[in-house]
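Enquirer: Attaching a predicted model along with its sequence, questions to come.
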Amino acid sequence: MYKKKGLFITFEGIEGSGKSFQSKKLYQRLKSMKISAILTREPGGTRNAERIRNILLEDYFHKNRKEQFDKYTDTLLYLAARNEHIQGKIKPALYKKKIIICDRFIDSTTAYQVFGKGVNKNLVKAIHKYTLGNIKPDLTFILKVNINKALQRLKKRKKKNRYDKFSKKFYQKVQKAFMKIAKTNKKKYIILDTSKDIKDTESIIYNKIKRFI
């Protein structure tokens, strides 16, 4: 059994990179090994955070709609959902020394809102100072993908939200942001190329976390 301190693992990447798929695969593997783990996501993870998620992912940027959320309103909603997630799920799970596998976390806010949409990074940092405390991921997998490949995957999705409908240029900008973030701490960030649907990606991810188990 897993008896060490709580472990916080996050998966980051643009839409179509395979992060949700790989996070589920890791969770299923740990569960089969009787290791205490939870799988969660952002925005969302708790009842209140999921309610905010529904507002965020609604396609209110439709061209025919006259009124749209300002980018700062958008960002503040994400941060509000994160606070609910931290208080309602992440903190309690870490206290119980569980392994947390999270589909997106703070790096997505930096990549999408700060680099992608031009939101002031100091605003995000200031709010995180009060909401995160000392909580931060122990390990982050950033899944890199060929943009054309990602767009092909998105076309196949039966259920889409507004984040599946951005331009190719925007996805390129966000992915570059993720690569820049990864360079800040090479021990914490692990970049994996998922462009070719490599079957052993799941094993690579598991092998990277084995030392924590």
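Expert: Yep, that arrived.
Enquirer: Same question for stretch 94-105: list its buried residues.
Expert: 94, 98, 99, 100, 101, 102, 103, 104, 105 (16 or more other Cβ atoms under 10 Å). Placement of C-beta: from N, CA and C, glycine included.
Enquirer: so which pair among those residues is furthest apart in space?
Expert: Greatest spatial distance among the buried residues of stretch 94-105 (Cβ to Cβ): 98 and 104, at 18.5 Å.
Enquirer: pull the helix or strand with minimum mean pLDDT from this protein.
Expert: Scoring the helices and strands of the chain by mean pLDDT, DSSP states H and E places helix 147-156 at the bottom, with a mean of 86.
Enquirer: list the buried ones in that helix?
Expert: Neighbour counts over helix 147-156 (16+ other Cβ under 10 Å) mark 149, 150, 151, 153, 154 as buried.
Enquirer: how much space between the spatially most central residue of the chain and residue 211?
Expert: Centroid check for the chain by Cα atoms, centre = their mean gives residue 104 as the closest residue, at 0.9 Å. From residue 104 over to residue 211 the distance is 24 Å, taken as Cβ to Cβ, to the nearest Å.
Enquirer: cool, and residue 22?
Expert: 19 Å.
Enquirer: for residue 176, same thing?
Expert: 30 Å.
Enquirer: Look up phi and psi at residue 146.
Expert: The phi/psi pair for residue 146 (degrees, to the nearest 10) reads phi -60, psi 130.
Enquirer: ok, for it, nearest residue in space, not its chain neighbours?
Expert: Excluding its sequence neighbours, the residue lying closest to residue 146 (Cβ to Cβ, 6 or more residues apart in numbering) is residue 195, at 4.1 Å.
Enquirer: just the helices in the protein please.
Expert: Applying DSSP state H to the chain gives helices spanning 19-32, 47-57, 71-85, 91-95, 106-108, 121-131, 147-156, 168-182, 201-209.
Enquirer: so which of the ones you listed comes closest to residue 115?
Expert: Nearest to residue 115 among the helices of the chain is helix 168-182 (3.5 Å), distances taken as Cβ to Cβ.
Enquirer: Give me the contact list for the closest one.
Expert: Applying Cβ atoms under 8 Å, 6 or more residues apart in numbering, the external contacts of helix 168-182 come out as 12-15, 107, 110-112, 114-116, 140, 142, 144-145, 147-148, 150-151, 189, 191.
Enquirer: So for that helix, what gets flagged as buried?
Expert: 171, 173, 174, 175, 177, 178, 181, 182.
Enquirer: Check the closest residue in space to residue 50 that isn't next to it in sequence and give its pLDDT.
Expert: Leaving aside its sequence neighbours, residue 50 sits nearest to residue 44 (Cβ to Cβ, 6+ apart; 4.6 Å). Among the per-residue scores, residue 44 holds a pLDDT of 96.
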